[in-house]
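S.K.: My questions are about this predicted structure, shown below with the sequence.
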Amino acid sequence: MIAELKRFLLSILLGCTQPLEIIQYASSCIGCTQPNSTSSVSKQLAGSINGLLSLYFVQDVFCFAQTGQIKKIVLHAKKVGYSPDYVALLQHVVRVNPEKGAEFTSQLVNDEAGPMVDVERVVDIFMSQNMIQPATSFLLDALKDNKPEQGPLQTCVLEMNLMHAPQVADAILGNEMFTPYNRPRIANLCEKAGLMQRALEQYEDLADIKCVIVHATTFLVEWLTNYFS
């Protein structure tokens, strides 16, 4: 049996065996070995199978990502019983097919078995590629429940848009979607972005409010009347 296993492993190295045959044949070999005589070989072979499974899975994923078949990635992983590094896979998908990055992210976060990636890591990946719009869409969906612990992420999505797309931040604030974000920080960024009305809505300190009121000529009379009423 040991000699047979050695010949099989050699055939793998020489590229003479197909991936599916490798997994099926090696698994059957492990099942046939006697614990006392070949247990160490079995363990080594099991490790080889896991390594090969990882190798071929990654190759399949690269193909799916490049051809836009994003939905097949998670299905394929579950089918072969492999748990990949989904953060690394998402980074790859975002690089090779940015348009499909958001789709893959949604699939990973909303999986029926629970989220497969951390929200903060997803945001980091999008921002590393300067993908403001996909990051915003993802966060608006992820933060729709407006939970107290989501304050830092709410601040994050408002920050990125106040710096890169003020009109989007204006719409988010206008819809009153968020509550526990860092209001002084966002108020300051609103001022810098020229959104004086939004800045005034965020400030609570009287000194800050007075500074913003200096720009009262930029406010609508109706809005100011409602604000002070």
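M.R.: Received it, and whenever you're ready, just let me know what you need.
S.K.: where does the protein have its least confident helix or strand?
M.R.: helix 19-32 (a mean of 49; mean pLDDT, DSSP states H and E).
S.K.: what bits of this protein have low per-residue confidence?
M.R.: 1-62, 65, 80, 215-229 (pLDDT under 70).
S.K.: Tell me which helix or strand residue 176 sits in.
M.R.: Assigned by DSSP states H and E, residue 176 falls within no helix or strand.
S.K.: what's around it, how many residues?
M.R.: Number of residues near residue 176 (other CB atoms under 10 Å) recorded here: 9. Yep, even glycine has a C-beta here, placed from its N, CA and C like the rest.
S.K.: Please tell me how far it sits from residue 92.
M.R.: Residue 176 sits 37 Å away from residue 92, taking CB to CB, to the nearest Å as the criterion.
S.K.: Just give me the neighbour total for the residue nearest to residue 68 when sequence neighbours are not counted.
M.R.: Sequence neighbours aside, residue 100 is the residue nearest to residue 68 in space, at 5.6 Å (criterion: CB to CB, 6 or more residues apart in numbering). When counting by other CB under 10 Å, one arrives at 21 neighbours for residue 100.
S.K.: just checking, next helix/strand downstream of the helix or strand harbouring residue 95?
M.R.: Following DSSP H and E, the helix or strand that holds residue 95 is helix 86-96. Along the chain past helix 86-96, the next helix or strand (assigned with DSSP H and E) turns out to be helix 98-109.
S.K.: on contacts alone, who are the packing partners of that following helix?
M.R.: Other helices and strands packing on helix 98-109, by 3 or more CB pairs under 8 Å, 6 or more residues apart in numbering; DSSP states H and E, are helix 71-80, helix 86-96, helix 119-128, helix 132-142.
S.K.: run the last query once more with 6 Å
M.R.: Taking 3 or more CB pairs under 6 Å, 6 or more residues apart in numbering; DSSP states H and E as contact, the helices and strands that helix 98-109 lies on are helix 86-96.
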